[in-house]
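J.: Got a predicted model here, sequence first, then my questions.
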Amino acid sequence: MQNNNRLRIVIQKSGRLSTDSKQLLIQSGMKIDLEDKRLITFSENMPIDVMCVRDDDIPGLIMDGIIDLGIVGENVLKEELLKRQSKLEDSNYIKLMRLDFGHCKLSLSIPINTNYFDINFFNHTRIATSYPYILKKYFDDKNIIFKSCSLNGSVEVAPSAGLADGIFDLVSTGATLKANGLREVEVICYSYACLICKSNNMNLFKKSIINKLLTRIKGVIKARESKYIMLHTPRSQLKKVMKLLRGAEEPTIIELGNDNKKVAMHVVSSENLFWETMEELKLLGASSILVLPIEKMME
Ligand SMILES: Nc1ncnc2c1ncn2[C@@H]1O[C@H](COP(=O)(O)OP(=O)(O)OP(=O)(O)O)[C@@H](O)[C@H]1O
Ligand SMILES: O=P(O)(O)OC[C@H]1O[C@H](OP(=O)(O)OP(=O)(O)O)[C@H](O)[C@@H]1O
Ligand SMILES: [Mg+2]
């Protein structure tokens with residue numbers, strides 16, 4: 001039964017998104033033992049319970065209004081949405097934000113030695129996939145007739161096993177495709193993990209916890225993307241130094257004790273500082289360059 005005094009969050013139990021999802025919740029201030037193998041775990045310091053399930057079940061739990069908040073890949077979310085729309089089932093949810101992990105592509109791939117001309121190659125072929133609804137929508141829009149072979153795993157072995165002419169599956173580095181003698185020929189969409197919530201019957205108490213969590217999650221992600229940079233620079237090179245520090249906010253300039261030709265500069269930058277930029281800073285006369293990670297941020 002639903003408890004209106006506690007927010008329920010669902011994340012992947014184990015897999016590509018589970019470590020990052022758990023870490024995000026903990027970095028957002030939640031005290032919770034997510035290493036425990038239980039299906040549901042209670043936070044000690046916030047009115048929040050966390051459920052760990054297979055990622056395929058997450059969109060449905062949100063769309064059916066059973067769980068309030070979830071973290072899932074956009075690929076899995078889109079597939080469930082199209083499936084439910086085709087069956088005229090409930091498919092409402094709100095996407096609150098994209099997260100900074102789970103980045104991958106959904107692509108069409110074929111055996112490495114097969115000639116490929118354009119998308120019409122796929123006319124009258126059989127494609128192995130775990131995403132038949134996304135694939136159908138894509139090919140229907142292009143008037144391409146195909147047959148799908150639905151597999152929940154080991155999709156990449158389908159062509160060599162003689163089950164299909166090509167595959168439609170997730171690609172990140174491309175190593176799995178290579179290992180199975182396949183090559184990517186079309187990228188259909190990109191995907192990230194995202195934070196979603198149910199769209200109905202949320203009481204004010206739960207809404208306020210979600211808003212608090214959302215602000216914290218944005219802060220965690222912003223902090224992860226940002227760096228605190230400290231350096232000494234000749235006064236005469238200040239403008240050039242700032243130009244090199246892309247994504248930097250207004251710097252704090254501090255006088256040095258016994259060198260009035262140089263100043264110390266502290267700045268928060270939304271971008272990482274690469275070795276090449278540090279070398280360019282050195283050429284401008286900068287010294288004592290420190291790049292520090294930021295733990296938390298709130299604007
Ligand atoms: N190689 C990858 N790099 C980055 N993100 C990925 C990668 N593969 C998958 N993902 C993202 O992580 C999600 C979960 O992937 P995973 O392989 O753990 O799923 P699964 O095997 O279906 O897990 P489950 O047992 O929960 O059903 C994918 O739906 C996708 O959004
Ligand atoms: O392009 P790559 O970097 O090789 O990544 C792509 C692979 O990653 C995922 O599988 P995962 O390794 O999570 O295992 P799975 O078989 O359990 O889905 C996905 O299903 C691909 O098979
Ligand atoms: Mg799954």
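T.: It's in. Keep in mind it's a predicted model, so treat the numbers as computed, not measured. Numbering: from 1, shown residues only. Ligands and ions are numbered 1, 2, ... in the order given.
J.: Next to ligand 1, which bits of the stretch 151-299 of the chain? Give me the list.
T.: Taking CB under 6 Å from any ligand atom as the contact definition, the stretch 151-299 of the chain meets ligand 1 at Leu170, Ser172, Ser191. The C-beta positions use only the backbone N, C-alpha and C, and glycine is treated the same way.
J.: Which residue, other than its chain neighbours, is closest to the first one?
T.: Okay, so that is Leu170. Cys104 (4.8 Å; CB to CB, 6 or more residues apart in numbering).
J.: cool, and the second one?
T.: For Ser172, ignoring the flanking residues on the chain, the nearest one in space by CB to CB, 6+ apart is Cys104 at 4.5 Å.
J.: got a list of what the one you found touches?
T.: Going by CB atoms under 8 Å, 6 or more residues apart in numbering, Cys104 touches Gly73, Asn75, Leu170, Val171, Ser172, Tyr190, Ser191.
J.: So which of the residues you listed wins on neighbours?
T.: Gly73 (26 neighbours; other CB atoms under 10 Å).
J.: ok, so what distance separates that one from Pro111?
T.: Applying CB to CB, to the nearest Å, the value for Gly73 to Pro111 is 26 Å.
J.: cool, Met202 as well?
T.: Per CB to CB, Met202 is found 49 Å from Pro111.
J.: So which of the two has more stuff around it?
T.: The residue with more neighbours, out of Met202 and Pro111, is Met202; 18 against 15, by other CB under 10 Å.
J.: On the three-state scheme, that one is what?
T.: Per DSSP: H, G, I helix; E, B strand; the rest coil, the secondary structure class of Met202 is coil.
J.: which residue packs closest to it, ignoring adjacent ones?
T.: Asp68 (6.6 Å).
J.: Surely that neighbour touches Ile210?
T.: Yes. Using CB atoms under 8 Å, Asp68 is in contact with Ile210, at 7.2 Å.
J.: Having no further points to raise, I will conclude here.
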